[in-house]
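In: Requesting a structural model of the entry that follows:
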Amino acid sequence: MSNTLIMWLVLFFFVFCIFLALQLHRDEARRKVIYAIVTKGNIRSIQEIAVTSHLDVDKVEKHLQKSINNANRIGLYGTFSSFKLFKNAYIDFQTKSIVLASDKVNNQESEEFKISNFLNVFNKKTGKSQTDKKKVTCENCGADNIVNNGVVSKCEYCGTAIV
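Out: This next block holds a predicted model:
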């Protein structure tokens, strides 16, 4: 190869790395803004977060989901406060809002509490006690769960009832 070609390849690689670094920096800055809106502004509606942050609704949803995914990865929990906030959080697509684990804990009449009571009553009345396990994908958050076959359970990530 000629020296000119090598020089152009190195230059291209250098410019590409700078471009990626700038994108990562911009995405991290957006996530910090969204984090501040959710924590300090106590805003849960994705539409309101988008308006407040001057971002598209799709971008806000994407950044929230990425933060939730990062928080639920093994080894990252406890490292940063934003990961602690988004641990066991999920996006409720019916209300187009983010539901944090702290929201569920603070509200005794939360959806999770109601579902848990329903599951206990339903499983006792139907006498479901099969030990066969199966993998079920939650319709709300898409998480995979291992549940007893024929028994109504709740998603371990978002609390939605699954069978």
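In: can you give me the offset of stretch 133-144 from its chain's centre?
Out: 15 Å (C-alpha atoms, centre = their mean, to the nearest Å).
In: For that stretch, C-alpha coordinates in PDB please.
Out: Listed next in PDB are the C-alpha coordinates belonging to stretch 133-144 (Å, rounded to 0.1, in the frame of the first residue of the first chain):
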ATOM      1  CA  LYS A 133     -42.300 -24.900  34.600                       C
ATOM      2  CA  LYS A 134     -42.500 -23.000  31.400                       C
ATOM      3  CA  LYS A 135     -40.900 -19.800  29.900                       C
ATOM      4  CA  VAL A 136     -43.400 -17.000  29.300                       C
ATOM      5  CA  THR A 137     -42.700 -13.600  27.800                       C
ATOM      6  CA  CYS A 138     -44.400 -10.700  29.500                       C
ATOM      7  CA  GLU A 139     -46.800  -8.800  27.100                       C
ATOM      8  CA  ASN A 140     -46.200  -5.500  28.900                       C
ATOM      9  CA  CYS A 141     -42.400  -5.300  29.200                       C
ATOM     10  CA  GLY A 142     -41.200  -8.200  27.100                       C
ATOM     11  CA  ALA A 143     -39.100  -9.900  29.900                       C
ATOM     12  CA  ASP A 144     -38.800 -13.700  30.000                       C
END
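In: Not counting its own residues, what contacts it?
Out: Residues outside stretch 133-144 that contact it (C-beta atoms under 8 Å, 6 or more residues apart in numbering): 90-93, 145-149, 153, 155-158, 160, 162-163. Glycine gets a C-beta too; all of them are placed from N, C-alpha and C.
In: If you count neighbours, what's buried in it?
Out: Neighbour counts using 16 or more other C-beta atoms under 10 Å place 136, 138, 140-141, 143 of stretch 133-144 among the buried residues.
In: show me where pLDDT drops low in this structure?
Out: 1, 74-84, 102-132, 150 (pLDDT under 70).
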